[in-house]
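1. Sequence and predicted structure are below.
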Amino acid sequence: MKKRPTLKSDARALLFTEARTANLFLDEPVAPETLKELYELAKWGPTSMNSCPARIAFLTTPEAKKRLMPALFDGNIARVESAPVVAVIGQDLEFFQHLPRLFPHAPENKKIFEDNEIAAQMNAFRNATLQGAYFIMAARAVGLDCGPMSGFDNAEVDREFFSGTHVRSNFLCSLGYAEPGARYDRGPRFDFEEVCQVL
């Protein structure tokens, strides 16, 4: 069997072992082309039935970020203020309307969710959360630092940014170039034997 290519240690470090959550950012803009590059990479991550329920609002101006401020918990205000971009990652609760296009070999699967609101919500949340994780990895891959966060009023964010739609907020992710030293010390992680089974 042909050996599959793997990432070298420096690429693994960029994405995982040396990457850190950014709390404060340099006053350096993020180019619109970089945001598009991020999305064009992240979109290839797998989702159930290729449902792709994530929807992203990139807040790139002081005016847009000001609209977010009333929804933030106090601990996240400085992080958002310093970030050149804040992404609101949401999920489209009517993602299934697009299944005939995105999952063309089984377009009838749309019916699974049309009359089952709970199943639609669960699938939208699960798969948009997966896409949010791909989003973070893609952001790191294109040279950005990330500050993913909860700590906000989802209902207020939904009213401000997704009113009149079927999109609901999942989490926020500040983006930019981290201020040197503005990171927490590396938190511990579980060892393999503590949390994994090989059966």
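-> Great, that's in hand.
2. Just the residues contacting stretch 13-24, thanks.
-> Under the contact criterion CB atoms under 8 Å, 6 or more residues apart in numbering, stretch 13-24 has outside partners 7, 78-79, 82, 137, 140-141, 145-148, 174, 176, 178-179, 182-184, 186. (C-beta placed from N, C-alpha, C; glycine too.)
3. How far off centre is the longest strand along the chain?
-> Of all segments of type strand in the chain, defined using DSSP state E, the longest is strand 167-176. Between the centre of strand 167-176 and the centre of its chain there are 6 Å (CA atoms, centre = their mean, to the nearest Å).
4. Begin at 49, not 1, for the rest of this chat.
-> OK, 49 is where the count begins now, so the last one is strand 215-224.
5. tell me what that strand is packed against?
-> helix 125-130, strand 133-140, helix 165-189, strand 193-197, helix 202-209 (3 or more CB pairs under 8 Å, 6 or more residues apart in numbering; DSSP states H and E).
6. Enumerate every residue touching the residue nearest to the spatial centre of the chain.
-> Central residue of the chain (CA atoms, centre = their mean): Gly180, 2.5 Å from the mean position. Listed by CB under 8 Å, 6+ apart, the contact set of Gly180 reads 102, 137, 196, 218-219, 221.
7. do you know how far it is from Glu227?
-> 23 Å (CB to CB, to the nearest Å).
8. Same check on Arg207?
-> Counting by CB to CB, the gap from Arg207 to Glu227 is 31 Å.
9. Quickly note the distance from the nearest residue to Ile160 once chain neighbours are set aside to Asn71.
-> Leaving out its chain neighbours, the residue that sits closest to Ile160 by CB to CB, 6 or more residues apart in numbering is Ala167, at 6.7 Å. Using CB to CB, Ala167 is found at 37 Å from Asn71.
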